[in-house]
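[1] task: produce atomic coordinates for the following.
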Amino acid sequence: MQLEIIQNILILATGAAICIQDFLRRMVNLLVLLIFTLSCCSKFFFGCTPCYYPFIIIIITGIAYHFIKRRKAFGSADYIVAFAISFMISSENWHIFLTLCGGFGALIGIIQRSRKEENIPFIPAILFAVAVTTLVFS
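    Predicted coordinates for the structure are as follows:
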């Protein structure tokens with residue numbers, strides 16, 4: 001039980017750190033990202049079954065966007081975070097997560113466009129959607 005509490009604290013702290021870093025600098029610290037990823041993946045050892053549907057859909061979206069617009073849709077850290085949260089999303093709630101992720105992404109995009117920013121950070125949208133999905137729908 002105590003190990004699971006430590007794990008959740010690590011996920012929360014490192015998730016908040018990479019969220020802030022992505023929003024402010026469009027870059028995340030590799031060590032913090034690694035700790036976040038390992039903390040999420042360790043949920044597997046507590047009986048969580050990974051749901052890879054969101055990760056696969058984000059990859060397909062990124063590839064399609066690249067072929068259509070000839071630009072990257074997501075950064076490397078976005079894909080890593082999408083993989084890591086696969087261990088936190090249940091197979092019953094992945095569609096809710098994707099809907100919230102798109103909604104939060106659009107909201108962040110509107111905020112960034114009003115600030116005349118070119119790039120839109122996607123990690124905050126992913127992590128807000130995971131938080132809401134986990135806290136409200138699980």
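[2] which of the residues in stretch 16-30 are classified as buried?
    Neighbour counts using 16 or more other Cβ atoms under 10 Å place 17-19, 21-22, 28 of stretch 16-30 among the buried residues. (C-beta placed from N, C-alpha, C; glycine too.)
[3] between the residues you listed, which is nearest T37?
    The closest of the buried residues of stretch 16-30 to T37 turns out to be I18 (Cβ to Cβ; 9.8 Å).
[4] which residues touch that closest one?
    28-29, 32-33, 36, 77, 81, 123, 127 (Cβ atoms under 8 Å, 6 or more residues apart in numbering).
[5] mind giving me the PyMOL select for these, buried ones only?
    Buried residues within these, by 16+ other Cβ under 10 Å, are selected in PyMOL with:
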select buried, resi 28+32+33+36+77+81+123+127
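[6] out of the contacts of I18, which are inside helices?
    Filtering the contacts of I18 for membership in helices, criterion DSSP state H, returns 32-33, 36, 77, 81, 123, 127.
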